[in-house]
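Asker: Here is a sequence together with a model predicted from it:
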Amino acid sequence: MAAVPRLVALDLAPFKADEAAVLNHAAEIAVNHATFLVGPKSSTGLFTPPLPLYLLALPMAIGRDAVLGTAFVALTNVLAVVLLARLLERWFDRRAALIGGLLYAVSFWSVIFSRRVWDVSLAPLFAVLFVTALTDWLLGRRPRSQVWAALWLGLLLQTHFSTWGYVLLVPLVVLLGAPVRWRLVPLALAVAAAPWLPFLLWEAQNGWPDWTTLRTLLGSAGAWDLNPYRDVTVFLSAQGMGGFWAPAQPPYLEEGPVLLLLRNALVVLFWASLAYVALRAMVLRSRPGQRRGHALLLGWALLPLVAFVHRSYPLIFHYLFPAAPALFAVLGVGLAALTRTPRSPRLVPLGVALYLAVHAGGQLWASGRFLRWVDSENVTETYGVPLKYSRAAAEAAKAISLGRQVYLVGHGDDVHIFAFHFWGHAGIKPVDDRSALVVPRQEEPVAYIVPALLANAPVAPVSAFVTDQLAPAQTITYPGRANGFALHSVAAGDGRAALLSGLQPVEAALSNGVLFRGARLFTAGGDRELTLLLAWEVTSVEGDVTNQRFFNHAVDSGGRQVAQWDGIGYPGWAWRPGDLVLSWHRLSLPGTTPPGAYWVRVGMYDSVTLRRTELRVGGERPSEDFVAIGPVEVTSGR
């Protein structure tokens, strides 16, 4: 029951920059035996420990396929469901195990987050292992379990910063009477600290950046509220399954009246079960150990969320995912107790069983409906393009590239996504679709991938140029985007001619090996923006060009500067001799700009030393290291 919804159609899983970056690092570990002391930076500004990278290196050692990485994460969550049911059966009863395990197995949001290659998606397994060790220590009276608890806690804390509230469970079990064997305490501390040593070494070498970030987060004025305890109950059902991904979702992604009724009933049952667990922990007589077991279960449901009661950062939904298993454990124990009501020994259990069957069916329907929507109706910027479509585009591009490098005309997520898909190929070179297009000098056709934008944003100028000037050889469509991924195979000579078409010849050579070939200056956006199209060729790579940038100064007839733009769409580390580049330089004019003639002075400089790159025109060095392009007439000052 837990495996099917988590493992079916894994190629529909979202595959964005976060997932691709993690798997790129994991593949480096598996294939090239790379060493990482730190993981990617989180949304709060904290750097993450490297454990998830090394865990995901296991499936990457089998093959560089994102489906393998997604399956690995999904399987860890299936194991978390199994271990939660085993925990409940061992220390409570089989009925609690069946109920808690069933609800966890079919939970819509638990299924969705189990299918993402995120570090936080690995947390539930270690959370259940940690609580299992605490339970063995407290209820099984096994002092050696404190060492296992320390190990699982050390690993759990490496999965995501949102798990730090789990630390509070350790003093709780000690207060509840867990036997402490003091000679094992140093070993437990060492076991917990060992996985952190590489990360702490990196922190020390880099001036403890996370400590600075933590002080900022904790010192900032923030909100005090109990919203985490309300919000975490979303994991009980399919609440918001459409609104989270698509604000204008179709009606079939909204919870219908039946699902809404089932959801509200389960939330009420959860709070009633939590009250029952609290009562058993504090008041009612129990069998030996049962009272402590209920107290630990109560702490598991409440303490991990304490970390979010005060916060100076947004409470993002997935931060609560590590606390989800506790919800289903509480429900399992509470509903199992309800079925033992002495006044209705048959009717109540039958009613609970009927409710669970209908609820489980509703959750599975919601998961299936959601996957069908992803595969056939539309995709959104929040969810991202499903894995199978970007993978299909990469495979098609490899086929038409004839073993040569492929150029990605895009930016953002696409850079990481296709860097992963092109592992083992001649490679993919990203070119920012907002500012540059490159045609190398080669005999074979040049292959380009041009992804369509997900958001309703204007088409980037480079993408528009490629679409207008170069006919696509193939298009990989995906739901909601008929143009999907456009693949172009262009003869290098035709591509170079297209880049130079319509430009005024410019002959200027720079000392870094760049040769200006042509330019065109025009106005756009109601005369409020100057656009300079500049064609330049890398004749050779002279010295360190990593930090080379263009400067663009818009000046009037008197030489007075009115606007400036600095940047480069094709960075120096990517330059190869023979590369012909067409770059778009846009300068926004102030509202006070008077009508008249304007020029753009363009040259290059080192962004670190700020030293301008030497320029020669006709073999002579001018008094200033720039070329003036223009004039263009600006007719509106508004």
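Answerer: Great, that's in hand.

Asker: Show me what residue 596 is bridged to.
Answerer: Beta-bridge partners for residue 596, by DSSP bridges, are residue 634.

Asker: For the protein, which residues score under the pLDDT cut-off?
Answerer: 219-221, 239-256, 284-289, 344, 378-381, 454-458, 525-527, 636-638 (pLDDT under 70).

Asker: ranges for the helices of the stretch 101-250 of the chain?
Answerer: Here the stretch 101-250 of the chain has its helices, by DSSP state H, counting those that start in this stretch, at 108-114, 123-138, 145-159, 169-175, 185-193, 197-205, 209-219, 227-231.

Asker: Mind checking the ones you listed for the one nearest to residue 449?
Answerer: Among those, helix 108-114 comes nearest to residue 449, with 28.2 Å by Cβ to Cβ. From N, CA and C alone the C-beta is placed, and that goes for glycine too.

Asker: what's in contact with that closest one?
Answerer: 5-6, 73-74, 77-78, 104, 120-121, 124, 234-235, 237-238, 241, 318, 321, 324, 363, 366-367, 370 (Cβ atoms under 8 Å, 6 or more residues apart in numbering).

Asker: let's go with 6 Å and repeat that
Answerer: With contact meaning Cβ atoms under 6 Å, 6 or more residues apart in numbering, helix 108-114 is reached by 5-6, 74, 77, 121, 235, 238, 241, 321, 324, 363, 366-367.

Asker: Look up the closest residue to residue 101, ignoring the ones flanking it.
Answerer: residue 85 (3.3 Å; Cβ to Cβ, 6 or more residues apart in numbering).

Asker: Please tell me how far the one you found sits from residue 625.
Answerer: 72 Å (Cβ to Cβ, to the nearest Å).

Asker: what about the two, which has more around it?
Answerer: Between residue 85 and residue 625, residue 85 has the larger neighbour count (other Cβ atoms under 10 Å), namely 25 against 20.

Asker: where's that one, which helix or strand?
Answerer: helix 66-91 (DSSP states H and E).

Asker: Ok, residue 482 next?
Answerer: Assigned by DSSP H and E, residue 482 falls in strand 481-490.

Asker: ok, the residue nearest to residue 101 touching residue 96?
Answerer: No - using Cβ atoms under 6 Å, residue 85 is not in contact with residue 96; the gap is 8.9 Å.

Asker: Just the strands from the stretch 201-350 of the chain, written as ranges.
Answerer: 223-224, 310-311 (DSSP state E, counting those that start in this stretch).

Asker: can I get the helices of the stretch 101-250 of the chain in TSV with distance to residue 594?
Answerer: Below are the helices of the stretch 101-250 of the chain laid out as TSV (distance: least, Cβ to Cβ, whole Å):
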stretch	distance to residue 594
helix 108-114	57
helix 123-138	61
helix 145-159	60
helix 169-175	70
helix 185-193	67
helix 197-205	55
helix 209-219	45
helix 227-231	54
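
Asker: would you turn those helices into CSV with distance to residue 92 and mean neighbour count?
Answerer: Shown next, in CSV, are the helices of the stretch 101-250 of the chain (distance: least, Cβ to Cβ, whole Å; neighbours: other Cβ atoms under 10 Å):
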stretch, distance to residue 92, mean neighbour count
helix 108-114, 20, 25
helix 123-138, 10, 25
helix 145-159, 18, 23
helix 169-175, 17, 17
helix 185-193, 26, 15
helix 197-205, 37, 14
helix 209-219, 37, 14
helix 227-231, 23, 16
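
Asker: which stretch among these comes nearest residue 471?
Answerer: Closest of these to residue 471 is helix 108-114, at 39.4 Å (criterion: Cβ to Cβ).

Asker: Please state the offset of that closest one from the chain centre?
Answerer: Chain-centre distance of helix 108-114: 16 Å, with Cα atoms, centre = their mean, to the nearest Å.

Asker: Output it as PDB, restricted to C-alpha atoms.
Answerer: Output in PDB follows, covering the C-alpha atoms of helix 108-114 (Å, rounded to 0.1, in the frame of the first residue of the first chain):
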ATOM      1  CA  PHE A 108      -1.500  12.400  -0.200                       C
ATOM      2  CA  TRP A 109       1.200  14.900   0.900                       C
ATOM      3  CA  SER A 110       3.400  12.200   2.300                       C
ATOM      4  CA  VAL A 111       3.200  10.500  -1.100                       C
ATOM      5  CA  ILE A 112       4.000  13.700  -3.000                       C
ATOM      6  CA  PHE A 113       7.000  14.600  -0.900                       C
ATOM      7  CA  SER A 114       8.300  11.100  -1.000                       C
END
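
Asker: contacting residues around residue 357?
Answerer: Contacts of residue 357 by Cβ under 6 Å, 6+ apart: none found.
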